[in-house]
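S.K.: sharing a model that was predicted from the sequence below.
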Amino acid sequence: MPETVVMKFGGTSVADAERLKRAARRIVAKRENGTRVVAVLSARGKETDQLIAAANEVSPNPDPREMDMLLSTGERVSCALCAMAINDLGHRAISLTGSQAGIVTDTSHTKARILEVRADRIRDALAEDSIVLVAGFQGVSTARDVTTLGRGGSDTTAVALAAAIGAEICEIYTDVDGVFSADPRIVPDARKLPVVSFEEMLEMSSSGAGVLQLRSVEYARNHGVKIHCRSSFHDRPGTVVVAEQETMEHPLITAVTHSTGEARVTLKGVPDTPGIAGRVTTALADANVNIDMIIQNEPVSEGHRADMSFTVPRDDIPTAQQAIAPIAQELGVEVATDPSMGKVSIVGAGMKTHPGVAAKVFTTLGENQINIEMISTSPIRISCVVPGDRVPDAVRALHSAFGLSGEDSIRPEEPFGPFS
């Protein structure tokens, strides 16, 4: 049986007619090499933002179900236009909506999760030698409503389809050359990473790297889908994301990532009684608000109250405030928000067994007069919340401190101390 590939094109890759036709030519070239092709397309350029703006013009609080009906149209436009371009190149292409492609989700509007993919129609079309174009970012819920998968959801669509049809690889085409050791806009000499493990990519995506959506990486890891993140503007290799055992070496630090989309929410004067943190986090989870870092200070004496702080995506502040308002009112707790926070993280599988990394991070930030507001860690990540306006300085300082430019990245077996 011929090899099958899933090709996903982001919004900038189909932003105008010429770019869309370039994507069509790339799809056709892959097919003419004997490969069966399923392509997933995002909405063109800023079309999703324009649709959101249109909704806000007619409603201050748009109904989530109707938002999904509206937002799902952008990807459908891209697919239909690309199918026309492919047909003009002499190949048969059919465009499918998420529901037509068999993508079944839960009922969480605007942030739905894929439950299963019933890909029979795609398999039938491939067997008929057609190129299949699937609208990304969307599906149909178990209640038979149109749903969308949240920002970057087309990545998850592509990975889910690759898993369902047994594709050899899922190629994510974007406007960058791959995954870098830092954002090249902040660190011009950041290096492209040829290979990254799923574990590292998960940490990078969750801490701000916008190249791949977090849920798409989770899905790929869970279903064993190899991802190749590459440029839509040339044919050079990009970054391959594979299982950890497939990577040949583990640099001490792989990348420095950052996010300026964080906000801190603080509950001031929380009673020192069991169960309150559980109630707060449950209320946020029920409202589909994702908490990143969380910290609670100890009361200074028995019977006193404590402060509890956590970070959420800045866009989720209104939802978070609404979710915890009843609890805050009941407990007599003041809720304060700080939307000006940023986060900088270092990620690397090599730090699992290597001491001194945290000390070097904190010392580097301190030497640059960058105040650390909150800290969280995993075996391969250290994240610090810092003032939003110092994020670029923090990224550059850490990237330099760990020698991530060019071929200078530190390996675990090399001499290393906390203040070296």
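M.R.: Arrived safely. Numbering: from 1, shown residues only.
S.K.: just the strands in the stretch 201-350 of the chain please.
M.R.: 227-231, 239-242, 255-270, 294-296, 306-313, 334-347 (DSSP state E, counting those that start in this stretch).
S.K.: got the angle for the last one vs strand 255-270?
M.R.: Between the direction of strand 334-347 and that of strand 255-270, the angle (axes from the mean of the first three to the mean of the last three CA atoms, to 10 degrees) works out to 160 degrees.
S.K.: could you check the angle the helix or strand that strand 334-347 is followed by makes with strand 255-270?
M.R.: Toward the C-terminus, strand 334-347 is succeeded by helix 357-367 as the next helix or strand (DSSP states H and E). Counting by the same axes, to 10 degrees, helix 357-367 lies at 80 degrees to strand 255-270.
S.K.: now helix 357-367 - C-alpha only, CSV.
M.R.: Extracted in CSV, the C-alpha atoms of helix 357-367 (Å, rounded to 0.1, in the frame of the first residue of the first chain):
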residue,chain,number,x,y,z
VAL,A,357,20.4,24.0,36.7
ALA,A,358,17.9,25.8,38.9
ALA,A,359,20.7,27.7,40.7
LYS,A,360,22.0,28.9,37.4
VAL,A,361,18.6,30.0,36.3
PHE,A,362,17.9,32.0,39.5
THR,A,363,21.4,33.5,39.6
THR,A,364,21.2,34.6,35.9
LEU,A,365,17.9,36.3,36.4
GLY,A,366,19.1,37.9,39.6
GLU,A,367,22.3,39.2,38.0
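S.K.: same for it, what does it pack against?
M.R.: For helix 357-367, the elements it packs on are strand 381-387, helix 391-401, judged by 3 or more CB pairs under 8 Å, 6 or more residues apart in numbering; DSSP states H and E. For every residue, glycine as well, the C-beta is placed using N, CA and C.
S.K.: may I see the buried residues of it?
M.R.: For helix 357-367, a neighbour-count test (16 or more other CB atoms under 10 Å) marks 357, 360-362, 364-365 as buried.
S.K.: go on, stretch 116-133?
M.R.: Within stretch 116-133, the residues scored as buried using 16+ other CB under 10 Å are 117, 119, 122-123, 125-126, 130-133.
S.K.: distance to residue 12 and secondary structure for those residues - can I get that in CSV?
M.R.: Conversion of those to CSV gives the following (distance: CB to CB, whole Å; DSSP: H, G, I helix; E, B strand; the rest coil):
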residue, distance to residue 12, secondary structure
117, 26, strand
119, 27, coil
122, 25, helix
123, 30, helix
125, 27, helix
126, 27, helix
130, 26, coil
131, 22, strand
132, 22, strand
133, 18, strand
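S.K.: of those residues, which is the nearest to residue 331?
M.R.: Among the buried residues of stretch 116-133, residue 117 lies closest to residue 331 (CB to CB), at 44.0 Å.
S.K.: alright, calling it a day.
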